[in-house]
Each structure stands twice: as C-alpha cells, then as structure tokens.
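Chemist: Return atomic coordinates for the entry below.
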Amino acid sequence: MIRKNAMKEIIKSIDDQLIISANGYISRDLFTVCDRNQNFYMIGSMGLSSSISLGIGLKNPKKRVCVFDGDGNILMNLGSLVTIGSHKPKNLIHFIFDNHSHESTGGQPTNSKKVSISDIAKAANYNVFSTSTQSGLKKILQKIKKIDGPIMIHIKIQKGKGSSKRIDIEPKEIKNRFMAIL
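Modeler: Just a heads-up that it's a prediction; the model follows:
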C-alpha cells in the first residue's frame, strides 16, 4: 500500500475530524488527496506534528484529533510519545506511515526496521494497531470508533512513486483557516 491510498481510506472514515500532518510528502499527499480547512499542514518543523496535536487535543477534548506522521518524523521526537501517553488524551489518533525512509529528503533510511515504533507506543500507554494492507486498515478504522485514545495506527507502506504537488496555500492562511475551525 502507498501512503496516498492509506490516506484516502482514512479520510473516508473520519468526517470532520482535525488532522495535523507532518512536514514533507505527508502534508503534500494529504493536500493532494483531500484539502480541507480541518487540515493543518506542517511546513518545516520536522517531528513536531505529534506535539502540536497533543496541545490541540487537550484544549479541544470534544474533537477527535488525528496526527499524520512518518517514521522519520516520530523517530525525531520520541519524547512526544511518552508525553502523549502520560496525558492519555482520549481524542487522539496517531497514524504512522512507515516506509523505513526519510522519503521527503531523498530516501535516506530510518531506524524503523531496527526499532519497533509500535512497541515504544505500547510502552507509552497507547492502544496500538498495525497493518500493511488496505483491508486491514479498513478493519482497524471500524474498530477504533469505540476505543478511547491515545491510539496509534502503525501503517507499513511502500515508498511512493513520485511526489505530490507542493502546498500552494500560504502558512498564515493554513493557520487562519484551521484556527477558525477550532
């Protein structure tokens, strides 16, 4: 499965939930698949989508907050998993798109083949689910509707073939339209 297909499946199941997407190809792919005011695209700030999502989730407990993160991004900020796990936000769903690479910066390998992101999340009090197939993702998305967070869905994906277009919305406008939703 490639990231765009996984995102399309997720978007079908989340209606108006908030999404904070990691920088690079993850935000580009989300912008291409489904641009909407409920999406906050990280421009720069590698590794910080999980931290920002925690803050938004804690301040907006009635809204479900989704984090679209990559293996490279979360490995740069593993401390956020511990912080999220200690706060136990019931409304946070953390999607990790894991292709074992820093795809946005040239495909350098990450350590996600050697270090289990899922095991770290379990140790940090997440409810963790893993899949590498679209049908597996569909089943997980149905199952989590009745489960409190924090939830991590670790999705093993293949590297994409080509990148999505750049986000053509100015950062200030991304912020303004997202804040208007809050």
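Chemist: Now the closest residue to residue 132 other than its chain neighbours, what are its backbone angles?
Modeler: Leaving aside its chain neighbours, residue 132 sits nearest to residue 156 (3.9 Å; criterion: CB to CB, 6 or more residues apart in numbering). Just so you know, the C-beta spots here come from the backbone N, C-alpha and C atoms, and that holds for glycine as well. Recorded main-chain torsions at residue 156 are phi -80, psi 120, according to degrees, to the nearest 10.
Chemist: Now do the contacts for residue 156.
Modeler: 1, 98, 99, 130, 131, 132 (CB atoms under 8 Å, 6 or more residues apart in numbering).
Chemist: now residue 1
Modeler: Per CB under 8 Å, 6+ apart, neighbours of residue 1: 132, 133, 134, 137, 155, 156, 157, 158.
Chemist: per-residue confidence for the third one?
Modeler: If I follow you right, that is residue 134. Here the pLDDT value assigned to residue 134 is 94.
Chemist: Can you report how many residues neighbour it?
Modeler: Residue 134: 14 surrounding residues under other CB atoms under 10 Å.
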